[in-house]
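have a look at this fold, sequence not included:
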């Protein structure tokens, strides 16, 4: 294994852990009592309480899929699509700040797809 390959695997591993953490932590928020401000933001996006819970469960599921080499690509793809949909809903409602905040989270799964799973070919 070359030094460059090792560096790419380390970066991929760190991004994998970071995106998994974000997916699980953001998804698990649906199981907590939401603040009034959070619910107002979700309502402005057109997201009902039931849909909010579904998005949270999907976020956790997609984060778990990313961990496994066989489902790595589909997990990252689904996560990126879900984040793009959230950004699109924010743009539609005029919440440009929320849409801009989503951009780094959209880029992370795409970079992970490019770098590949850190344990591929091991």
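Nice, I can see it. This is a predicted model, so every value here is computed, not measured.

give me the helix or strand of the protein that scores worst on average pLDDT.
The helix or strand of the chain with the lowest confidence, counting by mean pLDDT, DSSP states H and E, is helix 36-44 at a mean of 89.

any chance you could list what contacts that one?
34, 48, 49, 52, 93, 95, 98 (C-beta atoms under 8 Å, 6 or more residues apart in numbering). Placement of C-beta: from N, CA and C, glycine included.

tell me what the lengthiest helix in the chain is packed against?
Longest helix in the chain, counting residues (DSSP state H): helix 3-28. With contacts taken as 3 or more C-beta pairs under 8 Å, 6 or more residues apart in numbering; DSSP states H and E, helix 3-28 sits against helix 49-67, helix 72-93, helix 96-115.

what mean pLDDT does the shortest one have?
Read it as helix 49-67. Across helix 49-67, pLDDT averages out at 95.

with the last one instead?
For helix 96-115, mean pLDDT is 94.

and what of the second one?
For helix 72-93, the mean pLDDT works out to 96.

quick check: angle from it to helix 3-28?
50 degrees (axes from the mean of the first three to the mean of the last three C-alpha atoms, to 10 degrees).

quick one: contacts of helix 72-93?
19, 23, 44-47, 55, 58-59, 62-68, 96, 98-99, 102-103, 105-106, 109-110, 112-113, 116-117.

one more: the shortest one?
Residues from elsewhere that reach helix 49-67 (C-beta under 8 Å, 6+ apart): 16, 19-20, 22-24, 26-31, 34, 39, 42, 47, 71-72, 74-76, 78-79, 82, 86, 109, 112.

how about a cut-off of 6 Å?
Helix 49-67 is contacted from outside by 20, 23-24, 26-27, 30, 42, 71-72, 75-76, 78-79, using C-beta atoms under 6 Å, 6 or more residues apart in numbering.
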